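[1] any chance you could fold what I've pasted below:
(one chain, ligands or ions: 2)
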Amino acid sequence: MSEALVIFDKVSYSYNGKPVFHDLSIEVPVNKTIGIMGPSGTGKTTLLKLIGGQIHPDRGKIFVYGQDLSTLSRKELFGLRKNMGMLFQSGALFSDLSVFENVAFPLREHTDLNSELIRYLVLIKLNAVGLRGTANLFPRELSGGMQRRVALARAMSLDPDLIMYDEPFTGLDPIALGVISNLIRNVGAVYDTTSIIVSHDIEETLTIADYLYVLSEGEIIGHGTPSELKNDKSKRLRQFLNGLPDGPVPFHYPAIDYMADLISSVVD
Ligand SMILES: Nc1ncnc2c1ncn2[C@@H]1O[C@H](COP(=O)(O)OP(=O)(O)OP(=O)(O)O)[C@@H](O)[C@H]1O
Ligand SMILES: [Mg+2]
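    Ligands and ions are numbered 1, 2, ... in the order given. Below you'll find the predicted structure:
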(Lines give C-alpha, C1' and ligand atoms only; values in the text may rest on other atoms or scores of the structure.)
(Ligands and ions follow the chains in the order given, each with its own letter.)
Protein backbone atom coordinates (compact mmCIF):
# COMPACT_ATOMS: atom_id res chain seq x y z
CA MET A 1 0.00 0.00 0.00
CA SER A 2 1.08 3.60 -0.57
CA GLU A 3 1.75 6.21 2.10
CA ALA A 4 -0.66 6.05 5.06
CA LEU A 5 -2.91 8.96 6.01
CA VAL A 6 -4.28 7.42 9.19
CA ILE A 7 -2.44 4.84 11.27
CA PHE A 8 -3.81 3.03 14.30
CA ASP A 9 -0.98 1.41 16.19
CA LYS A 10 -2.31 -1.12 18.73
CA VAL A 11 -5.13 1.10 19.87
CA SER A 12 -7.28 0.11 22.84
CA TYR A 13 -10.38 2.03 23.84
CA SER A 14 -13.16 1.52 26.34
CA TYR A 15 -16.21 3.51 27.44
CA ASN A 16 -16.35 3.58 31.24
CA GLY A 17 -14.49 0.30 31.50
CA LYS A 18 -16.47 -1.37 28.70
CA PRO A 19 -13.88 -2.35 26.07
CA VAL A 20 -14.58 -1.47 22.44
CA PHE A 21 -11.13 -1.98 20.86
CA HIS A 22 -8.17 -4.01 21.98
CA ASP A 23 -4.82 -3.62 20.20
CA LEU A 24 -6.43 -2.45 16.97
CA SER A 25 -4.02 -1.68 14.11
CA ILE A 26 -5.24 -0.17 10.85
CA GLU A 27 -3.64 1.78 8.02
CA VAL A 28 -5.59 4.06 5.71
CA PRO A 29 -3.64 4.79 2.51
CA VAL A 30 -3.72 8.20 0.82
CA ASN A 31 -6.20 8.90 -2.00
CA LYS A 32 -8.06 5.66 -1.59
CA THR A 33 -11.57 4.79 -0.51
CA ILE A 34 -11.50 2.62 2.56
CA GLY A 35 -14.55 0.73 3.78
CA ILE A 36 -14.97 -0.13 7.44
CA MET A 37 -17.71 -2.68 7.91
CA GLY A 38 -19.02 -4.55 10.90
CA PRO A 39 -22.15 -5.35 12.85
CA SER A 40 -24.06 -2.69 14.79
CA GLY A 41 -22.40 -1.70 18.06
CA THR A 42 -19.00 -2.99 17.02
CA GLY A 43 -17.26 0.39 17.28
CA LYS A 44 -17.35 1.91 13.80
CA THR A 45 -18.54 5.37 14.88
CA THR A 46 -16.11 5.18 17.80
CA LEU A 47 -13.29 4.57 15.32
CA LEU A 48 -14.17 7.76 13.41
CA LYS A 49 -14.31 9.74 16.66
CA LEU A 50 -10.82 8.49 17.51
CA ILE A 51 -9.54 9.65 14.12
CA GLY A 52 -11.16 13.05 14.62
CA GLY A 53 -9.51 13.34 18.04
CA GLN A 54 -12.91 13.75 19.72
CA ILE A 55 -11.97 10.88 22.04
CA HIS A 56 -8.53 9.52 22.92
CA PRO A 57 -7.23 5.96 23.11
CA ASP A 58 -6.53 4.33 26.49
CA ARG A 59 -3.46 2.70 24.95
CA GLY A 60 -1.68 2.78 21.60
CA LYS A 61 -1.16 5.61 19.16
CA ILE A 62 -3.09 7.24 16.33
CA PHE A 63 -1.27 9.14 13.59
CA VAL A 64 -3.13 11.39 11.15
CA TYR A 65 -1.14 13.06 8.36
CA GLY A 66 1.93 11.68 10.15
CA GLN A 67 1.13 13.50 13.39
CA ASP A 68 0.71 11.66 16.67
CA LEU A 69 -2.69 12.91 17.90
CA SER A 70 -1.70 12.54 21.55
CA THR A 71 1.04 15.17 21.16
CA LEU A 72 -1.16 17.88 19.63
CA SER A 73 -2.41 20.93 21.49
CA ARG A 74 -6.10 21.84 21.20
CA LYS A 75 -5.18 24.47 18.65
CA GLU A 76 -3.16 22.03 16.56
CA LEU A 77 -5.98 19.50 16.71
CA PHE A 78 -8.45 22.18 15.61
CA GLY A 79 -6.13 22.97 12.70
CA LEU A 80 -5.92 19.31 11.74
CA ARG A 81 -9.70 18.98 11.83
CA LYS A 82 -10.02 21.65 9.14
CA ASN A 83 -8.58 19.05 6.85
CA MET A 84 -11.13 16.39 7.79
CA GLY A 85 -14.71 16.37 6.62
CA MET A 86 -17.24 14.30 8.49
CA LEU A 87 -20.63 13.13 7.34
CA PHE A 88 -22.33 12.23 10.61
CA GLN A 89 -24.51 9.15 11.01
CA SER A 90 -27.47 11.34 11.98
CA GLY A 91 -26.99 13.90 9.18
CA ALA A 92 -26.87 16.58 11.86
CA LEU A 93 -27.72 19.66 9.80
CA PHE A 94 -28.46 22.77 11.83
CA SER A 95 -32.25 22.91 11.68
CA ASP A 96 -32.48 26.66 12.24
CA LEU A 97 -30.03 27.49 9.46
CA SER A 98 -30.84 27.51 5.75
CA VAL A 99 -29.21 25.00 3.40
CA PHE A 100 -26.85 27.77 2.28
CA GLU A 101 -25.86 28.67 5.85
CA ASN A 102 -25.34 25.01 6.75
CA VAL A 103 -22.77 24.62 3.99
CA ALA A 104 -21.25 28.05 4.72
CA PHE A 105 -20.84 27.23 8.42
CA PRO A 106 -17.40 25.54 8.31
CA LEU A 107 -16.12 28.30 6.00
CA ARG A 108 -17.27 31.02 8.38
CA GLU A 109 -15.92 29.08 11.36
CA HIS A 110 -12.51 28.15 9.98
CA THR A 111 -11.59 30.81 7.38
CA ASP A 112 -11.46 34.59 7.01
CA LEU A 113 -12.91 34.53 3.49
CA ASN A 114 -15.20 37.41 2.60
CA SER A 115 -18.89 36.82 2.06
CA GLU A 116 -18.64 36.99 -1.72
CA LEU A 117 -16.05 34.23 -1.83
CA ILE A 118 -18.01 32.17 0.68
CA ARG A 119 -21.12 32.50 -1.48
CA TYR A 120 -19.14 31.36 -4.51
CA LEU A 121 -17.71 28.29 -2.72
CA VAL A 122 -21.06 27.31 -1.18
CA LEU A 123 -22.78 27.45 -4.56
CA ILE A 124 -20.05 25.27 -6.13
CA LYS A 125 -20.52 22.63 -3.41
CA LEU A 126 -24.30 22.74 -3.59
CA ASN A 127 -24.14 22.47 -7.36
CA ALA A 128 -21.87 19.43 -7.04
CA VAL A 129 -24.58 17.62 -5.06
CA GLY A 130 -27.31 18.89 -7.39
CA LEU A 131 -29.00 21.08 -4.78
CA ARG A 132 -28.01 24.64 -5.64
CA GLY A 133 -31.72 25.35 -6.09
CA THR A 134 -32.40 24.58 -2.43
CA ALA A 135 -29.96 27.17 -1.03
CA ASN A 136 -32.69 29.24 0.61
CA LEU A 137 -34.71 26.31 1.98
CA PHE A 138 -34.45 24.91 5.49
CA PRO A 139 -33.46 21.29 6.19
CA ARG A 140 -37.05 20.41 7.25
CA GLU A 141 -38.21 21.27 3.73
CA LEU A 142 -35.93 18.60 2.22
CA SER A 143 -36.29 14.84 2.03
CA GLY A 144 -33.93 12.62 4.05
CA GLY A 145 -31.82 11.83 0.98
CA MET A 146 -31.56 15.51 0.06
CA GLN A 147 -30.51 16.36 3.62
CA ARG A 148 -27.77 13.75 3.32
CA ARG A 149 -26.56 15.44 0.13
CA VAL A 150 -26.50 18.84 1.85
CA ALA A 151 -24.53 17.25 4.70
CA LEU A 152 -22.11 15.92 2.09
CA ALA A 153 -21.74 19.42 0.58
CA ARG A 154 -21.01 20.71 4.08
CA ALA A 155 -18.45 17.96 4.74
CA MET A 156 -16.72 18.96 1.48
CA SER A 157 -16.88 22.70 2.07
CA LEU A 158 -13.26 23.16 3.17
CA ASP A 159 -11.93 20.77 0.48
CA PRO A 160 -10.51 18.40 3.07
CA ASP A 161 -7.98 15.73 2.13
CA LEU A 162 -9.91 13.24 4.25
CA ILE A 163 -13.67 12.75 4.38
CA MET A 164 -15.26 10.29 6.77
CA TYR A 165 -18.74 9.02 6.03
CA ASP A 166 -20.68 7.41 8.85
CA GLU A 167 -23.42 5.16 7.40
CA PRO A 168 -24.01 7.29 4.28
CA PHE A 169 -26.44 4.77 2.73
CA THR A 170 -28.85 4.15 5.60
CA GLY A 171 -32.50 4.91 4.97
CA LEU A 172 -32.13 5.88 1.32
CA ASP A 173 -34.22 4.55 -1.55
CA PRO A 174 -32.24 2.80 -4.32
CA ILE A 175 -32.05 5.94 -6.49
CA ALA A 176 -30.92 8.23 -3.67
CA LEU A 177 -28.46 5.55 -2.63
CA GLY A 178 -27.02 5.43 -6.14
CA VAL A 179 -26.76 9.23 -6.16
CA ILE A 180 -24.91 9.36 -2.83
CA SER A 181 -22.69 6.48 -3.84
CA ASN A 182 -21.72 8.23 -7.11
CA LEU A 183 -21.11 11.49 -5.28
CA ILE A 184 -18.75 9.82 -2.83
CA ARG A 185 -16.88 8.18 -5.69
CA ASN A 186 -16.69 11.42 -7.69
CA VAL A 187 -15.58 13.54 -4.75
CA GLY A 188 -12.79 11.06 -4.15
CA ALA A 189 -11.68 11.05 -7.79
CA VAL A 190 -12.08 14.74 -8.60
CA TYR A 191 -10.65 16.24 -5.41
CA ASP A 192 -8.04 13.55 -4.65
CA THR A 193 -9.73 12.90 -1.37
CA THR A 194 -9.13 9.95 0.89
CA SER A 195 -12.49 8.57 1.97
CA ILE A 196 -13.34 6.39 4.92
CA ILE A 197 -16.79 4.88 4.64
CA VAL A 198 -18.29 3.23 7.66
CA SER A 199 -21.27 1.10 6.80
CA HIS A 200 -23.14 -2.11 7.29
CA ASP A 201 -24.35 -1.96 3.70
CA ILE A 202 -22.11 -4.75 2.47
CA GLU A 203 -23.05 -4.69 -1.22
CA GLU A 204 -22.63 -0.95 -1.62
CA THR A 205 -19.41 -0.73 0.39
CA LEU A 206 -17.83 -3.58 -1.53
CA THR A 207 -18.70 -1.75 -4.75
CA ILE A 208 -17.28 1.60 -3.75
CA ALA A 209 -14.22 0.81 -1.60
CA ASP A 210 -10.68 0.03 -2.81
CA TYR A 211 -9.79 -1.68 0.45
CA LEU A 212 -11.88 -2.86 3.38
CA TYR A 213 -11.62 -3.75 7.01
CA VAL A 214 -14.29 -5.83 8.73
CA LEU A 215 -14.61 -5.31 12.46
CA SER A 216 -16.35 -7.49 14.95
CA GLU A 217 -16.19 -7.41 18.72
CA GLY A 218 -13.35 -4.93 18.76
CA GLU A 219 -11.07 -6.72 16.36
CA ILE A 220 -10.46 -6.99 12.65
CA ILE A 221 -11.90 -10.24 11.36
CA GLY A 222 -10.85 -9.61 7.79
CA HIS A 223 -9.29 -7.06 5.48
CA GLY A 224 -8.38 -6.77 1.83
CA THR A 225 -9.62 -5.61 -1.54
CA PRO A 226 -13.26 -6.40 -2.38
CA SER A 227 -12.26 -9.50 -4.35
CA GLU A 228 -9.91 -10.70 -1.61
CA LEU A 229 -12.74 -10.43 0.93
CA LYS A 230 -15.21 -12.20 -1.35
CA ASN A 231 -12.79 -15.13 -1.56
CA ASP A 232 -11.87 -15.20 2.13
CA LYS A 233 -12.89 -18.47 3.76
CA SER A 234 -12.90 -17.27 7.41
CA LYS A 235 -16.14 -18.36 9.10
CA ARG A 236 -16.68 -15.11 10.97
CA LEU A 237 -16.16 -13.11 7.80
CA ARG A 238 -18.46 -15.34 5.75
CA GLN A 239 -21.20 -15.02 8.37
CA PHE A 240 -21.02 -11.24 8.20
CA LEU A 241 -20.70 -10.92 4.44
CA ASN A 242 -23.48 -13.41 3.75
CA GLY A 243 -25.76 -11.87 6.38
CA LEU A 244 -26.31 -15.09 8.29
CA PRO A 245 -28.06 -14.67 11.66
CA ASP A 246 -26.34 -17.69 13.20
CA GLY A 247 -22.60 -18.06 13.48
CA PRO A 248 -19.64 -16.92 15.54
CA VAL A 249 -20.63 -13.20 15.50
CA PRO A 250 -23.15 -12.58 18.29
CA PHE A 251 -26.37 -10.60 17.71
CA HIS A 252 -26.92 -9.66 21.38
CA TYR A 253 -25.32 -6.86 23.37
CA PRO A 254 -23.68 -8.61 26.36
CA ALA A 255 -26.26 -9.10 29.11
CA ILE A 256 -26.92 -11.16 32.20
CA ASP A 257 -28.69 -14.49 31.74
CA TYR A 258 -32.04 -13.95 29.98
CA MET A 259 -34.20 -16.12 32.26
CA ALA A 260 -32.60 -14.66 35.39
CA ASP A 261 -33.32 -11.17 34.03
CA LEU A 262 -36.99 -11.96 33.29
CA ILE A 263 -37.50 -13.63 36.65
CA SER A 264 -35.94 -10.74 38.55
CA SER A 265 -38.40 -8.32 36.92
CA VAL A 266 -41.34 -10.50 38.10
CA VAL A 267 -39.90 -10.75 41.62
CA ASP A 268 -39.16 -6.98 41.97
N1 LIG B 1 -20.79 7.72 24.43
C2 LIG B 1 -20.81 6.43 24.77
N3 LIG B 1 -20.78 6.04 26.05
C4 LIG B 1 -20.77 4.74 26.41
N5 LIG B 1 -20.78 3.72 25.50
C6 LIG B 1 -20.82 4.04 24.22
C7 LIG B 1 -20.83 5.40 23.77
N8 LIG B 1 -20.86 5.40 22.40
C9 LIG B 1 -20.86 4.11 22.03
N10 LIG B 1 -20.83 3.28 23.10
C11 LIG B 1 -20.77 1.81 23.06
O12 LIG B 1 -19.62 1.45 22.32
C13 LIG B 1 -19.92 0.39 21.41
C14 LIG B 1 -19.60 0.81 19.99
O15 LIG B 1 -20.47 1.86 19.61
P16 LIG B 1 -20.41 2.55 18.17
O17 LIG B 1 -21.40 3.66 18.14
O18 LIG B 1 -19.00 2.89 17.86
O19 LIG B 1 -20.89 1.32 17.25
P20 LIG B 1 -21.18 1.27 15.68
O21 LIG B 1 -20.34 0.17 15.14
O22 LIG B 1 -21.02 2.62 15.09
O23 LIG B 1 -22.72 0.82 15.65
P24 LIG B 1 -23.87 1.18 14.55
O25 LIG B 1 -23.58 0.34 13.34
O26 LIG B 1 -25.13 0.73 15.25
O27 LIG B 1 -23.83 2.65 14.32
C28 LIG B 1 -21.39 0.03 21.64
O29 LIG B 1 -21.42 -1.09 22.48
C30 LIG B 1 -21.97 1.23 22.34
O31 LIG B 1 -22.95 0.83 23.26
MG1 LIG C 1 -22.31 3.94 14.21
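
[2] can you name the residues of this protein sitting close to ligand 2?
    Proximity of the chain to ligand 2 (CB under 5 Å from the ion) is limited to residues K44, T45. All C-beta spots, glycine's among them, are computed from the backbone N, C-alpha and C.

[3] now do the strands in the chain.
    Along the chain, counting by DSSP state E, strands occupy 4-15, 18-29, 33-37, 59-64, 67-68, 84-87, 162-166, 194-199, 211-216, 219-224.

[4] quick one: the closest residue to ligand 1 within the stretch 151-268 of the chain from F94, how far?
    Closest to ligand 1 within the stretch 151-268 of the chain is H200: 5.6 Å, counting by CB to the nearest ligand atom. Per CB to CB, to the nearest Å, H200 is found 27 Å from F94.

[5] looking at the two, which is more packed in?
    Neighbours were counted for H200 and for F94 using other CB atoms under 10 Å; H200 has more, 17 against 12.

[6] so that one touches S40, yeah?
    Yes - between H200 and S40 there is a contact under CB atoms under 8 Å: 6.6 Å.

[7] quick one: low-confidence residue ranges for the stretch 151-268 of the chain.
    Residue ranges of the stretch 151-268 of the chain with pLDDT under 70: 244-255, 265-268.

[8] and with 80 instead?
    Residues of the stretch 151-268 of the chain that meet the criterion pLDDT under 80 lie in 171-173, 176, 187-191, 243-268.

[9] same thing with the stretch 1-150 of the chain?
    When residues are selected by pLDDT under 80, those of the stretch 1-150 of the chain lie in 1-3, 31, 88-91.

[10] spell out which parts of it neighbour ligand 1.
    Taking CB under 6 Å from any ligand atom as the criterion, the stretch 1-150 of the chain approaches ligand 1 at residues Y15, V20, G38, S40, G41, T42, G43, K44, T45, T46, Q89.

[11] ok, 5 Å please
    Contact residues (CB under 5 Å from any ligand atom) of the stretch 1-150 of the chain with ligand 1: Y15, V20, S40, G41, T42, G43, K44, T45, T46.
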